[in-house]
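Novice: Got a predicted structure here, sequence first:
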Amino acid sequence: MKVKKAVIPAAGFGTRMLPATKAIPKEMLPLVDRPSIHYIVEEAVKSGISEILIITSRGKEELCDYFDYSPELEAKLRASGREEEADALRAIADMADITFIRQKEQHGLGHAILCAKAFTGSEPFAVLLGDDVMVGKTPVTRQLLDVYEKTGCATVGVSYVPNDQISKYCSLDVTPVEERVMEVHKLIEKPRLDQIMSNYAILGRYVLTPEIYNMLEHLSAGYGGEIQLTDGLNALCQTQKLLGVEYEGVRYDTGNLRGYLHATVQIALQHPEVGDWFRDYLKNL
């Protein structure tokens, strides 16, 4: 079955980016000339997704506003002869059919995914985490979808993480299937050093089958007292095959200051208008 829907969890408080996120949703912090959420929606669209659900929370109305039309601003731009800019603003709202829902209480990523059940129904769906901006020749979500469409199996985007970092993520028990594809047998969320099964961890991208909802609905609270998607995947891979795709591309964790600055510099260097100027500026610092 072709995957037409994507879910973007974006309900977090953004505490790693305070004080800016006291008043601005972390997903709306700009990476050069557009907010980080724009890049994530754009990745889904370029991967062939036509329907997107963004899961928000109280105080994040700016996300809805960004992907809506702005008739007054467009009219002012057109009256000034700035047609290209007005068209660009309208194109943002027309990128995809975007729906919003609030996660009324935050009980973990697994709980957030459960909020999407009515939206996705009995269809498979992609998940793109709202903190993770991925840059690559082929969109990372598209790489996962290619494997899903070939195998019919739920897939997760994985990458090698060194021992001193993997405790921030999860550790996977895997066996190779083919180049850059592996079967996942077990997952441990935020492992201790003695619990590491491999240095492969899931980083920000998933293609899930609807059976994940049954797993999440029957979970008890896990790490941090939350409903963990990792625990749901652990249950899922005991009943059906779960594949890991070692994706090609660069991940920027824009939910922390270092990752945000890294993404800002790299994206600025590639920007068609300011890239050359910014490169010269950095050289002359």
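Specialist: Done, it's in. Since we're looking at a predicted model, the values are computed, not measured.
Novice: Going by C-alpha atoms from here, please, whenever you check contacts or count neighbours.
Specialist: Noted.
Novice: could you pull out the strands for this structure?
Specialist: Assigned by DSSP state E, the strands in the chain fall at 5-9, 30-31, 34-35, 51-56, 97-102, 125-128, 132-135, 154-160, 170-178, 181-189, 200-208, 242-246, 250-253.
Novice: Looking at these, which is nearest to residue 216?
Specialist: Among the strands of the chain, strand 200-208 comes nearest to residue 216, with 12.2 Å by CA to CA.
Novice: What mean pLDDT does the closest one get?
Specialist: Mean per-residue pLDDT for strand 200-208: 94.
Novice: now for that strand, which elements pack on it?
Specialist: The contact analysis (3 or more CA pairs under 8 Å, 6 or more residues apart in numbering; DSSP states H and E) places strand 200-208 against strand 125-128, helix 140-151, strand 154-160, strand 170-178.
Novice: For the strands of the chain, give me a markdown table that also has mean neighbour count and distance to residue 278.
Specialist: Compiled in a markdown table, those are given as follows (neighbours: other CA atoms under 10 Å; distance: least, CA to CA, whole Å):
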| stretch | mean neighbour count | distance to residue 278 |
| --- | --- | --- |
| strand 5-9 | 26 | 31 |
| strand 30-31 | 18 | 14 |
| strand 34-35 | 14 | 17 |
| strand 51-56 | 22 | 33 |
| strand 97-102 | 16 | 34 |
| strand 125-128 | 24 | 30 |
| strand 132-135 | 22 | 19 |
| strand 154-160 | 24 | 30 |
| strand 170-178 | 17 | 36 |
| strand 181-189 | 21 | 38 |
| strand 200-208 | 24 | 29 |
| strand 242-246 | 26 | 32 |
| strand 250-253 | 18 | 19 |
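Novice: Flag every buried residue along stretch 24-40.
Specialist: 24-29, 31-32, 35-40 (16 or more other CA atoms under 10 Å).
Novice: let me redo that: stretch 250-263
Specialist: Result for stretch 250-263 [16+ other CA under 10 Å]: buried residues 251, 252, 253, 254, 255, 256, 259, 260, 263.
Novice: Residue 204 is in contact with the fourth one, correct?
Specialist: Think residue 254. No. Judged on CA atoms under 8 Å, residue 254 makes no contact with residue 204 at a distance of 11.6 Å.
Novice: so what's in contact with these two at the same time?
Specialist: 131, 132 (CA atoms under 8 Å, 6 or more residues apart in numbering).
Novice: need the strands of the chain in CSV with distance to residue 146, can you?
Specialist: Output for the strands of the chain, formatted as CSV (distance: least, CA to CA, whole Å):
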stretch, distance to residue 146
strand 5-9, 15
strand 30-31, 28
strand 34-35, 28
strand 51-56, 18
strand 97-102, 22
strand 125-128, 12
strand 132-135, 17
strand 154-160, 10
strand 170-178, 14
strand 181-189, 11
strand 200-208, 10
strand 242-246, 10
strand 250-253, 19
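Novice: Relative to residue 215, which of those strands is closest?
Specialist: That would be strand 200-208 among the strands of the chain, by CA to CA, at 11.8 Å.
Novice: Mind checking which of the buried residues of stretch 24-40 land in helices?
Specialist: 36, 37, 38, 39, 40 (DSSP state H).
Novice: biggest separation within these, which pair?
Specialist: Farthest apart among those by CA to CA are 36 and 40. That separation is 6.9 Å.
Novice: what do those two both touch?
Specialist: Contacts common to residue 36 and residue 40, judged by CA under 8 Å, 6+ apart, are residue 133.
Novice: contacting residues around residue 185?
Specialist: 172, 173, 174, 234, 237, 238, 242 are the contacts of residue 185 under CA under 8 Å, 6+ apart.
Novice: and if you look at residue 254?
Specialist: Residue 254 neighbours (CA under 8 Å, 6+ apart): 36, 131, 132, 133, 260, 261, 263.
Novice: pretty sure residue 231 contacts residue 186?
Specialist: No. Taking contacts as CA under 8 Å, residue 231 lies outside contact range of residue 186: 9.4 Å.
Novice: hey, what's the residue lying closest to residue 202 once chain neighbours are set aside bridged with?
Specialist: Spatial nearest neighbour of residue 202, excluding adjacent residues (CA to CA, 6 or more residues apart in numbering): residue 158 at 4.4 Å. Residue 158 forms beta bridges with residue 202, residue 246, as assigned by DSSP bridges.
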